[in-house]
Each structure stands twice: as structure tokens, then as C-alpha cells.
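S.K.: For reference, the sequence and a predicted model appear below.
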Amino acid sequence: MVRTAACNYLIPALTLLPKPMESSLFTRNANLIGVLGITTTSSRRRFSSASKISMSLRAGIVGLPNVGKSTLFNAVVENGKAQAANFPFCTIEPNVGIVAVPDPRLHVLSGLSKSQKAVPASVEFVDIAGLVKGASQGEGLGNKFLSHIREVDSILQVVRCFEDNDIVHVNGKVDPKSDVDVINLELVFSDLDQIEKRMEKLKKGKAKDSQSKLKEDAEKAALEKIQQALMDGKPARSVTLNDFERDSIKQLCLLTMKPIIYVANVAESDLADPGSNPHVNEVMNLASDLQSGIVTISAQVEAELTELPSEERVEYLTSLGVSESGLGNLIRSTYSLLGLRTYFTSGEKETKAWTIRAGMTAPQAAGVIHSDFEKGFIRAETKWEMWSPFTLLFTCLFKGESGNSTPWVPPTFGVRSGIPTPRGRWVCHSHSFDFQKCPELI
Ligand SMILES: Nc1ncnc2c1ncn2[C@@H]1O[C@H](COP(=O)(O)OP(=O)(O)OP(=O)(O)O)[C@@H](O)[C@H]1O
Ligand SMILES: [Mg+2]
């Protein structure tokens, strides 16, 4: 079995993490290639020098001081220059870096089309200052830290799972449960504070017209539900809201509304068998209780790997009992956590990974390339062709579409020499679908 230097544990309730080569299909004729699917697990981080990044959403690296956040950031962002050192509050201002999402399909397509360049999808990582107990009351870097978290779309919470007497732990000992509780409680307190202030404001203000009144009522209803959940120790994301309510509270950017992946940061000696580390098991159980994902990684090893020439990397990983760096998995998990999906356009000029949000309809997906494609959208077309190495995928999707429980993932719409046509059609094994009328299929 191939081992990677990171383990993804899928928490079933959320289905966060991508499966290998899942849900991808493509169409092809003389001038036309389109591919759509979610990201895959085989890893390759580097793209050709012609590569450019297409679009990005932000993931914040969060945790107690001195747990390895900047070390992880420097490893993920290849030329990240965040200061990482053995003292708490080493990071004050956030470090930001854009990272390409590894996806071998991009290179397969690029090769098939003999593209001059390949443009991968991307995610933005933000290395945020450490948080301590009482941050919501201004302790440590307090509210400043929390405001940095407010600006990101998802959270990677780094949890220290390595024992090392030389590395200071702000609470004196390695204790993942306590560490996770400290962070999550501060996020809850901060949200409660925000909600209270907003409710006060809503009480004072008078809605000008019936439309605003409706909106305010929805907001009040949402805030009351979330407030109750937070007081019961549950995150805002666990609360069931209708679309209107969800929209009405968006501007508050509640911290506990953001999806989380727990990153168990282990010692190099644990990489080959992280399950033997009780701290990792503790984080796994916590993540499961909190309906979140977990990735196990050694930030220290990953940071060291980036300093080595590629031949020596393999040697180093082999000496640790693993075959692959864990960063690819972490980046793809983050991309997936952000609710992002990829489809491709491919032609001689470029092969490009376009990012859409999960749940987007076909016209909306077309609109990511140009708003005219959304306005003029009729339908999209897929041609079924057995084309190695994706033959297996076609079979899966064919089954899914014929009505069993396999999720149906949309194929791409027509793309001619890299230029998408708004008249693309989706035609799947002899049926045509007007996707504007069937958004639930997306
Ligand atoms: N997996 C690991 N094993 C051993 N040491 C590690 C590991 N990960 C990080 N470290 C070490 O822990 C120390 C703190 O790391 P780092 O500066 O990245 O923490 P931080 O969370 O960014 O801290 P701060 O909140 O103060 O900015 C560094 O000396 C780093 O080398
Ligand atoms: Mg730091």
C-alpha cells in the first residue's frame, strides 16, 4: 500500500475529502475537449513556468501559539517566508500565499492538446497569529487575531500532536482536547459578542419598507437560533437555516460558520503510523464529534522537504517510512472544504482549471468564464468516449446518472480550442438535459 506523509480521515457526515480520480469526465472531438470533476489524490505540486493561477478563496491557518502554523505555511506556500521559530506569538501580521491545487488531469489534458501553458486552480493560505484563552476579551493578540479569521473562508486548525520538551507549549503540556476547546470557545465567544451587538442594532433600527422588514425578520430569526446553539456550545454551522436566513447573516462573517479541517501536526517518527499516536486519535474523535475533517501531517518534515533537491526528498521520505509528501492531500482537502470544484478547458493556447462552487448550475459554471456565457446559455453537451486513462470514470458516472445513489457530477460544456461556446449541450447516453430546468442534477 502506498503511504503518504499525510493521512486524510473522511468524516462521513460531511464527505469533505476527495476520493482518487472521482467524478471526472470529459468530452473530446477534433477541436473540442472539456473535462469536469473534483480534485484527485495523486500528488504533483509543481506546474510549468508558463503556469498561472486562475482564482482563489482563502483558508486561514489557525491554532494556539507555537504549534507549527508558520512552519506549515512555509511548506505549503513553496516560497513562503513566514518567520517560524520556537517562541509564542512569533507571527503577528498574517502571511498570505497563493498555492496551486495539484491535479494530474491538468497535465494529461495539456499534453493531449499540446498546450503552450497549463493554468491550475488555486487556494489562498493565510498564516494567522496564535490565539490564547481570553482572546475574545483581548488577551494575546485578541480581537486583532479574530478579525483576521473573520476574513477567511475556511479554517485549518493546527493541533500540536508532537512531544518535544524543547518546543514551548503555551499551556505547559501537549493536550489536543484542551487546545481545540480553547480555540473553539474563543470563536464561540467572539460570535456571541457579534450577535449581541447586531441584535441591539436591529432592535433600535426601523425597517423602511416591507422588503427590508422581511429581511430583518429573517436575520433576527437566524441570530436567535445561532445564539441558542452557541450557548449550548455548538458552532453556528450546525444550525439549520433557510436560504433567506443564511443570506441575511452573511455580512456578519461568523467565525463558527466557517468550515474547519483539523490538522494534526505530528513528529517525523509518527509519520509512518500516525494511528499509534494517542494525540492523533484524540483529534480524530474530536473532529468526528464536530463534524469536521482531519489531516495528519508533520509540518516540520514538510518544511524540511521543500529545502531539499527532489532526489533527496524521496530518500528522506523513504527513511521515514512514507512514499509521498502530504501537502498535496492537505491542499486538495482545503480546496474541497471551501466547496470548490474544477472543470477544465483545453486547447493549443492553454489548458486551464476553472474553479466553481459545488452546487453551481451549468449556466453559472459557464458564467465563471464569461458572464455572456451565462446569459446566452442554452445547454451543455457531453460526448461519451472511452479514452484512457479515464475509462473507469465514465462507467461510474454512467451508473450514477441512471438513477442509483452515486452522486451525479456535471460534465463540462463545449469548449472549442480553449474558447467556450454558449451553445454547448450536455447530452448523456442518448438523453439531453436542459440544466437550467434541472439544477438539482448539478
Ligand atoms: N511537527 C513538528 N515537529 C517538531 N517541531 C515542530 C513541528 N512543527 C513545528 N515545529 C517547531 O515548532 C516551533 C514553532 O513553530 P511555528 O513558528 O511554525 O509555530 P506558530 O504556530 O506559527 O507560532 P506563532 O503562533 O508564535 O506564530 C518551531 O521551532 C518549529 O520548528
Ligand atoms: Mg507563526
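M.R.: Sure, I can see it. Ligands and ions are numbered 1, 2, ... in the order given.

S.K.: list the buried ones in stretch 257-269?
M.R.: Of the residues in stretch 257-269, 257-268 count as buried by neighbour count, 16 or more other C-beta atoms under 10 Å. C-beta here means a position set from N, CA and C on the backbone, and glycine is covered the same way.

S.K.: biggest separation within those, which pair?
M.R.: Across the buried residues of stretch 257-269, the longest distance by C-beta to C-beta is 35.3 Å; it joins Met257 and Glu268.

S.K.: What is the subsequent helix or strand relative to whichever strand or helix holds Gln228?
M.R.: Assigned by DSSP states H and E, Gln228 falls within helix 210-231. Using DSSP H and E, the helix or strand that follows helix 210-231 in sequence is helix 243-248.

S.K.: residues in contact with Ile261?
M.R.: In this structure, Ile261 makes contact with 16, 154-157, 292-295, 333-334, 337, judged by C-beta atoms under 8 Å, 6 or more residues apart in numbering.

S.K.: got it, and Ile356?
M.R.: Ile356 is in contact with 340-343, 364-365, 368, counting by C-beta under 8 Å, 6+ apart.

S.K.: Just say helix, strand or coil for the residue in the stretch 101-250 of the chain positioned nearest to ligand 1.
M.R.: Ligand 1 sits closest to Gly130 of the stretch 101-250 of the chain, with a gap of 2.8 Å, by C-beta to the nearest ligand atom. In three-state terms, and counting by DSSP: H, G, I helix; E, B strand; the rest coil, Gly130 is coil.

S.K.: Measure how buried it is and give me the count.
M.R.: Neighbourhood size, Gly130 [other C-beta atoms under 10 Å]: 24.

S.K.: Could you see whether ligand 2 lies near the helix or strand encompassing Ala264?
M.R.: Taking DSSP H and E as the definition, Ala264 sits inside strand 260-265. No. Strand 260-265 lies apart from ligand 2 when judged by C-beta under 5 Å from the ion; the minimum separation is 12.3 Å.

S.K.: How about the contacts made by Leu340?
M.R.: Per C-beta under 8 Å, 6+ apart, neighbours of Leu340: 57, 121, 123, 355-358.

S.K.: residue ranges with poor pLDDT in the stretch 201-350 of the chain?
M.R.: 207 (pLDDT under 70).

S.K.: what residues does the stretch 201-350 of the chain put near ligand 1?
M.R.: By C-beta under 6 Å from any ligand atom, the part of the stretch 201-350 of the chain that sits against ligand 1 consists of 265-267, 298-300.

S.K.: hmm, 5 Å instead?
M.R.: 265, 267, 298-300 (C-beta under 5 Å from any ligand atom).

S.K.: ok, now how distant is the closest residue to Asn171 other than its chain neighbours from Ser292?
M.R.: Among residues not flanking Asn171 along the chain, Ser178 sits closest, at 6.5 Å (C-beta to C-beta, 6 or more residues apart in numbering). In this view, Ser178 and Ser292 are 17 Å apart by C-beta to C-beta, to the nearest Å.

S.K.: cool, and Gly172?
M.R.: Using C-beta to C-beta, one obtains 26 Å as the distance from Gly172 to Ser292.

S.K.: between these two, which one's more packed in?
M.R.: For Gly172 versus Ser292, neighbours defined as other C-beta under 10 Å are more numerous around Ser292 (22 against 7).

S.K.: Identify the residue nearest that one in space, chain neighbours excluded?
M.R.: Here the residue nearest Ser292, using C-beta to C-beta, 6+ apart, is Ile260, at 4.5 Å.

S.K.: so that neighbour bridges to which residues?
M.R.: Ile260 has the following beta-bridge partners by DSSP bridges: Ile155.

S.K.: and it, what does it touch?
M.R.: 154-157, 290, 292-293, 337.

S.K.: Which residue is the nearest non-sequential neighbour of the residue of the stretch 101-250 of the chain closest to ligand 1?
M.R.: Distances taken as C-beta to C-beta, 6+ apart place Pro65 nearest to Gly130, at 2.8 Å, with adjacent residues excluded.

S.K.: what's the burial count for the one you found?
M.R.: As a burial measure, Pro65 scores 19 neighbours (other C-beta under 10 Å).

S.K.: Could you pick out the residues of the stretch 51-200 of the chain near ligand 1 for me?
M.R.: Counting by C-beta under 5 Å from any ligand atom, the residues of the stretch 51-200 of the chain close to ligand 1 are 65-71, 84, 86, 88-91, 130, 162, 167.

S.K.: Sort those by pLDDT and name the bottom one.
M.R.: Minimum pLDDT across those is recorded for Asn86, with 66.

S.K.: what's the neighbour count on whatever residue of the stretch 301-442 of the chain ends up closest to ligand 2?
M.R.: Using C-beta to the ion, the closest approach of the stretch 301-442 of the chain to ligand 2 is made by Ala303 at 12.0 Å. Other residues within reach of Ala303, judged by other C-beta under 10 Å, total 19.

S.K.: If you count contacts, what does the helix or strand harbouring it end up packed against?
M.R.: Following DSSP H and E, the helix or strand that holds Ala303 is helix 299-307. In terms of contacts (3 or more C-beta pairs under 8 Å, 6 or more residues apart in numbering; DSSP states H and E), helix 299-307 is packed against helix 69-76, helix 310-319.

S.K.: How about the contacts made by Leu106?
M.R.: Taking C-beta under 8 Å, 6+ apart, one finds 47, 118, 120, 344, 351, 353 in contact with Leu106.

S.K.: Give me the three-state assignment for it.
M.R.: The three-state label given to Leu106 by three-state DSSP is helix.

S.K.: and it, how far is that from Phe344?
M.R.: The value you get for Leu106 to Phe344, if C-beta to C-beta is used, is 7 Å.

S.K.: Just want the residue of the stretch 151-300 of the chain that's nearest ligand 1.
M.R.: For the stretch 151-300 of the chain, C-beta to the nearest ligand atom, closest residue to ligand 1: Gln300, 3.5 Å.

S.K.: Could you check which residue of the stretch 151-300 of the chain lies nearest ligand 2?
M.R.: In the stretch 151-300 of the chain, the residue that lies nearest ligand 2 is Val158 (9.6 Å; C-beta to the ion).

S.K.: Pretty sure that residue sits in a strand.
M.R.: Yes. Assessed by three-state DSSP, Val158 belongs to a strand.

S.K.: wait, it sits on Ser70?
M.R.: No. Val158 is beyond contact range of Ser70, at 9.7 Å (criterion: C-beta atoms under 8 Å).
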